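Engineer: predicted model follows, preceded by the sequence.
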Amino acid sequence: MAFTSQFMRRAAFIFACFTGGTSVLIAAYSAHVPGLEESSLRSVNSAIQMMQFHALALLVLAWTAKNFKTNWTLAISGIFFATGIVLFSFNIALHQLAGMGAFRPLIPFGGMAFVLGWVAAAISGFSKSS
């Protein structure tokens, strides 16, 4: 169990850092795309905002897992946050900036993953630590 929690903690930390850096790159790129429509820019900004919020949430989860006893619902929360970042934020950015719409139908599932991540985080506050 110690290996799994250490692996999950490190994976969450690394993914959060990658996501934070990627969100800055996407923001810089989208600010300089010629002819980007206002609605597309709003969508990209929303995706960037969600990436940054949830990257911070993953960092908090990784810190919590390192400094306190954790439970499985906290790990599930991190998995949902990472899934939401990929399915929601990355998909919106790819669709609006690169024209890649193949995975566009998955965007709502990414939003739901964000919600489930917050629900799992809340439940972890009520669960006994393992």
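Structural biologist: Noted; the coordinates are in hand. Numbers count the residues shown, from 1 in each chain.

Engineer: gap between the residue nearest the centre of the chain and residue 55?
Structural biologist: Nearest residue to the geometric centre of the chain (Cα atoms, centre = their mean): residue 85, 3.3 Å. According to Cβ to Cβ, to the nearest Å, residue 85 stands 7 Å off from residue 55. C-betas here are computed from N, CA, C, even on glycine.

Engineer: shared neighbours, the two?
Structural biologist: Here residue 85 and residue 55 have residue 19 as joint contacts, going by Cβ atoms under 8 Å, 6 or more residues apart in numbering.

Engineer: give me the number of residues near residue 95?
Structural biologist: 19 (other Cβ atoms under 10 Å).

Engineer: got the CA coordinates for the helix or strand where it lies in PDB?
Structural biologist: Using DSSP states H and E, residue 95 falls within helix 91-98. C-alpha atoms of helix 91-98 as PDB (Å, rounded to 0.1, in the frame of the first residue of the first chain):
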ATOM      1  CA  ASN A  91      -9.900  18.700 -25.500                       C
ATOM      2  CA  ILE A  92     -11.200  22.300 -25.600                       C
ATOM      3  CA  ALA A  93      -7.700  23.700 -26.200                       C
ATOM      4  CA  LEU A  94      -7.100  21.100 -29.000                       C
ATOM      5  CA  HIS A  95     -10.500  21.800 -30.600                       C
ATOM      6  CA  GLN A  96     -10.300  25.600 -30.500                       C
ATOM      7  CA  LEU A  97      -6.600  26.000 -31.300                       C
ATOM      8  CA  ALA A  98      -5.700  23.100 -33.400                       C
END
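
Engineer: show me the contact partners of that helix.
Structural biologist: With Cβ under 8 Å, 6+ apart as the test, helix 91-98 has contacts from 26, 29-30, 33, 36, 40, 43-44, 46-48, 100-101, 103-104, 106-107, 110.
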